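J.: missing the sequence, but the structure's below:
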Ligand code: NAD
């Protein structure tokens, strides 16, 4: 059975403890590889390698840094199919999604920051009348930590690593222990691309061991984290007394507001995607759907009909719209929420059950599920389920829709469907979320700030925001 290895100081190494964790294939429930169960001492090795590499990497010319990132992107492009197959197998997502979204986006992340770093300038302020000029240097921080989740494994891993490296930092990175495979394959590419040793180090293992050791490390001065709100809170509590820079991209419970004056067909097709893409395991999925009363019954019938057309099946088959959810534990968590529907006075309109796929009976397949709720205050509308489950609820007025949309602890994204420009602007101003989509969803320009408000996190990724996060500004004031 394949044993993955850590990538430290430019080489593959086993964990010092020689302990391993089972890695499951969600499509059939079988263990198909082992990953290092690394500990604090492995993180220390990675840190030492990164620290040693930092003086040279931080002084490597922008052109050279850019070329290396482009080389990684090119190699990923050449191995697109291999990476997509690995991502689909490791995560359970349809191969078509990995081929069209996950891996192309990981390639774009490296390409984008390869270019962005050459355009990232420092600022100067002339103090007129005082014979004084200020300029602000943007120095790399040193050794930084990147921690990512399992839902978009390489996509989110590279979304952190690329800007961190572009800004001149050396990195200790940890992918999710649930989906480690493409991060491992990325280490191979880094070696092939000639990335200098120690610049990027990838340590595999559990969150409460490897992740915790990174967050506790006094000399890892910044942590970029994407994951659950509870983990984010724990990281903030641990890191705050050491005054670390923190970027926390956390959970969501995003509202999807549908008005009667929208482009109905486009809305319906997009809403099916925003509900069930990646088995609903995208932090930006619109899991709370609010529909204007006058079109509620029509929407409900059409949405159920479209959802019933979706095929749940083996991730590698082209005909599968939904694959498997990521793990047995996650499947049970989702089913737990679905099973509470009745107690919460809610009605399952379609779905709600585990799917048995022929020859893959032990895989973690779930039906796409629509639940009609009576109130936005119920648990199904207040807690992140992070699976193929959405709720629907009618509203009478725009004010009521806005109130329900904002009545939640999260504030990552929101979607509005309307052809009324005034309403689109009003809601864009008042919805409590870091990302608002009007008449579209998951439409991304990598230059824009990405992140959430409220319990969805602090800080923004994307564009120059990430380069600012991964650098320390230093102002120089000269009088002449
Ligand atoms: P998680 O919080 O369980 O784990 C995320 C990562 O943190 C993993 O690598 C894990 O090993 C690590 N970790 C766990 N405990 C840690 C600790 N004590 N110290 C340091 N690291 C630790 O999240 P998950 O289940 O992998 O991912 C799902 C969550 O991620 C959902 O809540 C989802 O909304 C969120 N998410 C948010 C965004 C966003 O951009 N806001 C994007 C994708 C996913």
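T.: Thanks, I have it. Predicted, not measured: the structure shown is a model, and the values here were computed from it.

J.: Could you use CA atoms for every contact and neighbour count after this?
T.: OK.

J.: Quick one: name the residues of the stretch 351-480 of the chain near the ligand.
T.: Within the stretch 351-480 of the chain, the positions near the ligand by CA under 6 Å from any ligand atom are residue 451.

J.: if we go to 8 Å?
T.: Residues of the stretch 351-480 of the chain lying close to the ligand by CA under 8 Å from any ligand atom are 384, 386, 412, 450-452, 456-457.

J.: Nearest to residue 190 among these?
T.: Checking these against residue 190 by CA to CA gives residue 450 as the nearest, at 26.3 Å.

J.: Strands along the stretch 1-150 of the chain, start to end?
T.: With DSSP state E, counting those that start in this stretch, the ranges of strands along the stretch 1-150 of the chain come out as 2-3, 6-8, 11-13, 20-25, 30-36, 123-127, 132-140, 143-147.

J.: same deal with the stretch 351-480 of the chain?
T.: 369-372, 389-395, 410-411, 413-417, 435-438, 453-454, 457-458, 471-479.

J.: Could you dump these into CSV with mean neighbour count added?
T.: As requested, the strands of the stretch 351-480 of the chain are exported to CSV (neighbours: other CA atoms under 10 Å):
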stretch, mean neighbour count
strand 369-372, 22
strand 389-395, 24
strand 410-411, 26
strand 413-417, 27
strand 435-438, 19
strand 453-454, 18
strand 457-458, 22
strand 471-479, 14
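
J.: Dump those strands to TSV, plus mean pLDDT.
T.: Putting these into TSV (pLDDT from 0 to 100) gives the following:
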stretch	mean pLDDT
strand 369-372	98
strand 389-395	98
strand 410-411	98
strand 413-417	98
strand 435-438	98
strand 453-454	98
strand 457-458	97
strand 471-479	98
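
J.: How about stretch 84-94 and the ligand, touching?
T.: No: between stretch 84-94 and the ligand, judged by CA under 8 Å from any ligand atom, nothing touches; the nearest distance is 11.3 Å.

J.: circling back: mind checking the strands of the stretch 1-150 of the chain for the one nearest to residue 44?
T.: Of all the strands of the stretch 1-150 of the chain, strand 6-8 sits nearest to residue 44, with 10.3 Å by CA to CA.

J.: which other residues reach that closest one?
T.: With contacts defined as CA atoms under 8 Å, 6 or more residues apart in numbering, strand 6-8 is touched by 12-15, 36, 45-46, 49, 184, 187, 197-198, 200-204.

J.: Any quick ChimeraX command for the buried ones out of those residues?
T.: Applying 16 or more other CA atoms under 10 Å to the contacts of strand 6-8 leaves a buried subset, and the ChimeraX line that selects it is:
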select :12,14,15,36,45,46,49,184,187,197,198,200,201,202,203,204
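
J.: Next step: the contacts of strand 6-8 restricted to helices.
T.: Using DSSP state H, the subset of those located in helices is 45-46, 49, 184, 187.

J.: from those, which is closest to residue 392?
T.: For these, the nearest to residue 392 is residue 184 (40.0 Å; CA to CA).

J.: Not counting its neighbours along the chain, what's nearest that closest one?
T.: Leaving aside its sequence neighbours, residue 184 sits nearest to residue 4 (CA to CA, 6 or more residues apart in numbering; 6.7 Å).

J.: Can you name the residues of the stretch 1-150 of the chain that neighbour the ligand?
T.: For the stretch 1-150 of the chain, the residues found near the ligand under the criterion CA under 8 Å from any ligand atom are 147-150.
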